[in-house]
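Visitor: Give me a 3D structure for the following:
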Amino acid sequence: MSASEIRKHEGNEPLQQSKFTKSFGGSIVKGILLAGLSVLMMSVSVPAAFAETHTAQKSTIAQSTVNSQSVRQLSPKELVTMAERGAFRDRGIPSHGRLADAAATRRITAMDLVKAAIAAEELSPETVNNTRYLNAVANFLASLNRG
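Guide: You can find the predicted model right below:
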């Protein structure tokens, strides 16, 4: 804008907009405002959605932790040792020397001991299907008479 145009404007004559400003000026401002609002909305909604998902995941993890803590998985040796010490007497499993005698005469089997531990919530129910675990318990029961 030239100096004479500025003086005319100071004389209360309205300043006319150029064709460029009329065509694109309003559109640019609207576009910038629209983009700014879009960014603002995304910055608010994305963290909220993430927080909701994160909270749901934490809840699921906490629940599975509670479930896994209520039924622990004993090693076969720990299971037999607990039985020897009388942990399953109320479930019909004898303790100390009587456990060794019952195992030797097959009155008590590895399956009996595993089922008693499951009933006492010391083992997970799936353990009855674990043949390796059952064989290991059977070996530890057999070793009671030997040592």
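Visitor: Check which residues of stretch 96-116 are buried.
Guide: 99-100, 102-103, 108, 110, 112-116 (16 or more other C-beta atoms under 10 Å). Every C-beta, even on glycine, is put in place using the N, C-alpha and C of the backbone.
Visitor: got the end-to-end distance for it?
Guide: Length of stretch 96-116, first residue to last, C-alpha to C-alpha, to the nearest Å: 16 Å.
Visitor: taking the mean pLDDT, what do you get for that stretch?
Guide: Across stretch 96-116, the average pLDDT comes to 96.
Visitor: what does that stretch contact?
Guide: Residues from elsewhere that reach stretch 96-116 (C-beta atoms under 8 Å, 6 or more residues apart in numbering): 79-80, 83-86, 88, 91-94, 123, 127-128, 133-135, 137-138, 141-142, 144-145.
Visitor: Among the residues you listed, name the buried ones.
Guide: Among the contacts of stretch 96-116, those classed as buried by 16+ other C-beta under 10 Å are 79-80, 83-84, 88, 93-94, 123, 127, 133-134, 137-138, 141, 144.
Visitor: What is the nearest of the residues you listed to R72?
Guide: L123 (7.8 Å; C-beta to C-beta).
Visitor: Pull the contacting residues for the closest one.
Guide: Neighbour list for L123: 71-74, 79, 114, 117 [criterion: C-beta under 8 Å, 6+ apart].
Visitor: Any of those buried? List them.
Guide: 71, 74, 79, 114, 117.
Visitor: Filter those residues down to just the ones in helices.
Guide: Members of the buried ones among the contacts of L123 lying in helices (criterion: DSSP state H): 79, 114, 117.
Visitor: Distance to A35 for those - can I get that in a markdown table?
Guide: A markdown table is the format used below for those (distance: C-beta to C-beta, whole Å):
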| residue | distance to A35 |
| --- | --- |
| L79 | 66 |
| V114 | 66 |
| A117 | 64 |
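Visitor: Show me the two of the buried residues of stretch 96-116 that sit farthest apart.
Guide: Greatest spatial distance among those (C-beta to C-beta): A100 and K115, at 19.3 Å.
Visitor: In helices, which of the contacts of stretch 96-116 fall?
Guide: Going by DSSP H, the helices hold 79-80, 83-84, 133-135, 137-138, 141-142, 144-145 from these.
Visitor: With that, I have no additional questions.
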